[in-house]
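>>> give me a 3D structure for the following:
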Amino acid sequence: MGGLETKAIVEINQLANQYKSSIVLKVGTRFIDVKSILGLSITLFSNQVYQLEIHGPDEAEAKHAMEELFNKHGLPLSED
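Residues are numbered from 1 along each chain as shown. Prediction:
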């Protein structure tokens, strides 16, 4: 894992932990809790399109912030 990848994982994890909402990343048939740095570290850079599923009291804010961060790191999100 390179420096940029590590930075992306840490930034995504830290941002997710600022929200009360559940933030799950769907990659293929796997579901990863974005608040789990271990889950992210083994999943994030598998050259896939990712889908965020966010549910909770601050989901609109969390979704907007997570989408911006994924875009910043060049990680494609599906529109589903």
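>>> make it CA atoms for all contacts and neighbour counts henceforth
Noted.
>>> dihedrals phi and psi, the residue lying closest to residue 21 once chain neighbours are set aside?
Distances taken as Cα to Cα, 6 or more residues apart in numbering put residue 56 closest to residue 21, at 4.0 Å, once the chain neighbours are dropped. The phi/psi pair for residue 56 (degrees, to the nearest 10) reads phi 150, psi -170.
>>> next, the contact list for residue 56, please.
Residue 56 is in contact with 20-22, counting by Cα atoms under 8 Å, 6 or more residues apart in numbering.
>>> I'd like the distance between it and residue 5.
When distance is defined by Cα to Cα, to the nearest Å, residue 56 is 28 Å away from residue 5.
>>> which strands and helices sit next to the worst-scoring helix or strand of the chain on mean pLDDT?
Across the helices and strands of the chain, mean pLDDT, DSSP states H and E gives its lowest value to helix 37-43, namely a mean of 84. Judged by 3 or more Cα pairs under 8 Å, 6 or more residues apart in numbering; DSSP states H and E, helix 37-43 is in contact with helix 3-16, strand 30-33.
>>> contacts for that helix, please.
With contacts defined as Cα under 8 Å, 6+ apart, helix 37-43 is touched by 6, 9-10, 13, 27, 32-34.
>>> let's go with 7 Å and repeat that
Residues outside helix 37-43 that contact it (Cα atoms under 7 Å, 6 or more residues apart in numbering) are 9, 13, 32-34.
>>> okay if I get those as CSV plus pLDDT and distance to residue 49?
Below are those laid out as CSV (pLDDT from 0 to 100; distance: Cα to Cα, whole Å):
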residue, pLDDT, distance to residue 49
9, 91, 16
13, 95, 18
32, 93, 14
33, 95, 16
34, 94, 15
